[in-house]
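Engineer: fold the following, please.
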Amino acid sequence: MARGQGEMNAAPSIILVEPQMGENIGMAARAMANFGLSDLRLVRPHQAWPNPRAKATASGADQVIDDAKLFDSVEASIADLNYVLATTARRRDTFQEIFGADEAARRCGTKIAAGGKAGILFGRERWGLQNEEVALAQALVTLPVDPRFASLNIAQAVVVVAYEWRKVSTLGALPFSADTGTPATHADVEGLVGHFEAALDRAGFFPTEDKRPSMARNLRTLLTRAGFNAQEIRTLRGAIASLERKRED
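Structural biologist: Numbers count the residues shown, from 1 in each chain. Predicted coordinates:
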């Protein structure tokens, strides 16, 4: 029993963004428990929480439901994570890498083995994640569904990803790994993004106000995708601050 709990704790977080129905949350929780995942995070669920229908459809995965955490925003739900993947069923206008569920699981496993915390974002049942939410992730995850019927229930998507995680999490780890430093949290990266955007604003980088959102989103994607460690974040912010002081002189 103790070994099973350890495996479940060292696993990616599953973040459901604005799930509509308690039943879908319950089925997602059941899939998580089936394959060794335990950290369920809910961003603004449509129905009141706790939800009796979620617990009923979880079919015994009560601990996942009972321990589920509520958040008011996607940013808050991933603030403590070092590596975030966003699921999508359609092409996005970004330069992010795109993985299948198997490679996504391997990437999460690598980050977790190095001492980091990973999470996977799942969007709304009807239209998925918004572009601004997708831009918060380091990479995207999609599944090779038949394009003639690409609609996939959120719990089905969770079970596919959870299954792939289970496969890679039971493999032996390498005896040692490269020193990659302390992983940066999402909050660290957000601090860098905000600092950089503010400095660019003062320098007049954005040509017009209507172009600013798309340019800022591209910059956010670039910085988020890089996978900086905490020391690299501090170095970059120090460099930006130095340039700001030089400009003021």
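
Engineer: C-alpha only now, for contacts and for neighbours.
Structural biologist: OK.

Engineer: quick one: the helices in the chain, in order.
Structural biologist: Listed in chain order, the helices of the chain (DSSP state H) span 2-9, 22-34, 52-57, 62-66, 74-77, 101-113, 131-134, 154-169, 186-203, 212-225, 230-248.

Engineer: for the spatially most central residue of the chain, name its beta-bridge partners.
Structural biologist: For the chain, the residue nearest the mean C-alpha position is Val84 (2.9 Å; CA atoms, centre = their mean). Legend: beta-bridge partners of Val84 under DSSP bridges are Gly119.

Engineer: residues contacting it?
Structural biologist: Val84 sits next to Ile78, Ala118, Gly119, Ile120, Leu121, Leu136, Ala137, Gln138, Ala139 when contact means CA atoms under 8 Å, 6 or more residues apart in numbering.

Engineer: and what of Trp165?
Structural biologist: Phe35, Asp102, Ala105, Arg106, Gly109.

Engineer: highest neighbour count among those residues?
Structural biologist: Ala105 (26 neighbours; other CA atoms under 10 Å).

Engineer: what is the neighbour count of the residue nearest to Ile25 when sequence neighbours are not counted?
Structural biologist: Ranked by CA to CA, 6 or more residues apart in numbering and with sequence neighbours excluded, the top spatial neighbour of Ile25 is Ala54, at 5.6 Å. Close neighbours of Ala54, defined as other CA under 10 Å, add up to 23.

Engineer: kindly report the same for Leu42.
Structural biologist: The local packing of Leu42 (other CA under 10 Å) involves 22 other residues.

Engineer: going forward, begin numbering at 55 instead of 1
Structural biologist: Noted, 55 is the first residue going forward, which turns the last one into Leu96.

Engineer: surely it touches Leu124?
Structural biologist: Yes - applying CA atoms under 8 Å, one finds Leu96 in contact with Leu124, separated by 4.9 Å.

Engineer: show me the domain layout of the protein.
Structural biologist: With automatic domain parsing as the criterion, the domains of the chain are listed as 56-223, 240-302.

Engineer: run the chain-centre distance for the last one.
Structural biologist: Going back to what we said before, that points to domain 240-302. 20 Å (CA atoms, centre = their mean, to the nearest Å).

Engineer: that'll do, ta.
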